[in-house]
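**Q** need a structure here:
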Amino acid sequence: MRFVKRFFVLVFVIFLLPAIASAGLWAIRDKPSSWREAKWSSSGLLPSANDQRQAAVYVFSAMTGGFKGALASHAWIVTKKKNAARYNRYDKVGWGNPIRINNYPPDAFWYSNPPRQVVSIKGAEAERLIPQIEKAIAAYPYAKQGGYTIYPGPNSNTFVAHVLRSVPELGVALPPDAVGRDYVPNAAFFHVDDDWKDVHLSWRGLIGVAAGARSGLEVHLLGLVAGIDVVNPGVKIPGLGWFGVQRTGKI
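**A** Predicted coordinates:
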């Protein structure tokens with residue numbers, strides 16, 4: 001009985017208390033009341049495609065809207081081939097054709113929330129990775145209509161996490177508030193990334209663990225993530241996000 005009580009105290013302190021704090025902060029924050037009132041325009045974070053002739057790859061994340069915004073973010077992928085006159089943005093959404101291309105500006109606000117840069121790769125390395133990213137996008141197993149479940153997944157973050165696992169040279173994991181990122185495609189319980197640098201054990205994204213160079217050491221519970229980042233020292237706090245030493249090109 002003592003063990004059970006300690007377990008629930010740990011769950012409350014590590015997972016629920018930060019989530020409650022995040023919800024409280026979100027409740028007092030100034031935000032749009034609906035998607036119609038929200039800002040979806042460019043944030044100005046990226047230069048014009050014509051001003052950046054080299055190839056580029058970006059992954060962005062922004063807090064979402066409504067009550068979900070207290071705990072969850074939305075991620076998307078942006079690519080630009082060498083000398084291309086425009087960026088290509090890829091989102092997974094829950095209406096219409098699930099994978100949207102260029103429905104929003106590449107660096108747009110999401111529900112009025114500014115985008116955060118998860119990773120930025122430019123030049124020859126980006127040029128090499130773009131075909132691999134396009135292949136991973138084409139191979140996403142939940143790309144058809146009906147292939148979206150807001151919770152626990154597969155959702156927008158499941159899609160981007162699939163690409164990051166399929167192209168491990170991108171070198172990052174999505175931030176801990178990207179609910180749905182730990183829903184491993186095809187509901188696999190065990191997954192090892194292609195470069196063997198990250199290992200994931202997850203039951204439908206609801207409970208599991210991840211460990212490796214990109215994930216550090218994480219424990220997942222009901223879409224919330226707690227953990228430590230070893231390579232880039234920091235802590236992952238449920239609902240509140242990542243805190244630590246600032247990483248170049250990463251959150």
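**Q** Please state the offset of the helix or strand containing V160 from the chain centre?
**A** Per DSSP states H and E, V160 falls inside helix 156-166. Remark: helix 156-166 is offset 8 Å from the chain centroid, using C-alpha atoms, centre = their mean, to the nearest Å.
**Q** The following helix or strand past it pairs with which strands?
**A** Once helix 156-166 ends, the next helix or strand along the chain (criterion: DSSP H and E) is strand 190-192. Strand pairing for strand 190-192, determined by DSSP bridges: strand 198-203 (antiparallel).
**Q** one step back: against which helices or strands is the helix holding V160 packed?
**A** In terms of contacts (3 or more C-beta pairs under 8 Å, 6 or more residues apart in numbering; DSSP states H and E), helix 156-166 is packed against strand 73-80, strand 88-92, helix 124-138. Yep, even glycine has a C-beta here, placed from its N, CA and C like the rest.
**Q** who's in contact with that helix?
**A** Helix 156-166 has contacts (C-beta atoms under 8 Å, 6 or more residues apart in numbering) with 59, 73-77, 90-93, 99, 132-133, 135-137, 139-142, 170, 172-174, 178-183, 185, 191, 193-194, 198, 205, 214.
**Q** For K135, which non-adjacent residue is spatially closest?
**A** Using C-beta to C-beta, 6 or more residues apart in numbering and skipping the chain neighbours, the partner closest in space to K135 is S166 (7.8 Å).
**Q** pretty sure P114 contacts A62?
**A** Yes. Contact status for P114 versus A62: in contact at 6.4 Å, counting by C-beta atoms under 8 Å.
**Q** Give me the more crowded residue out of these two.
**A** Comparing P114 with A62 by other C-beta atoms under 10 Å, the one with more neighbours is A62, at 21 against 15.
**Q** sorry, back to before: give me the buried entries from the contacts of helix 156-166.
**A** Neighbour counting by 16 or more other C-beta atoms under 10 Å classes 59, 73-77, 90-93, 99, 132-133, 136-137, 140, 142, 170, 172-174, 178-183, 185, 191, 193, 198, 205, 214 among the contacts of helix 156-166 as buried.
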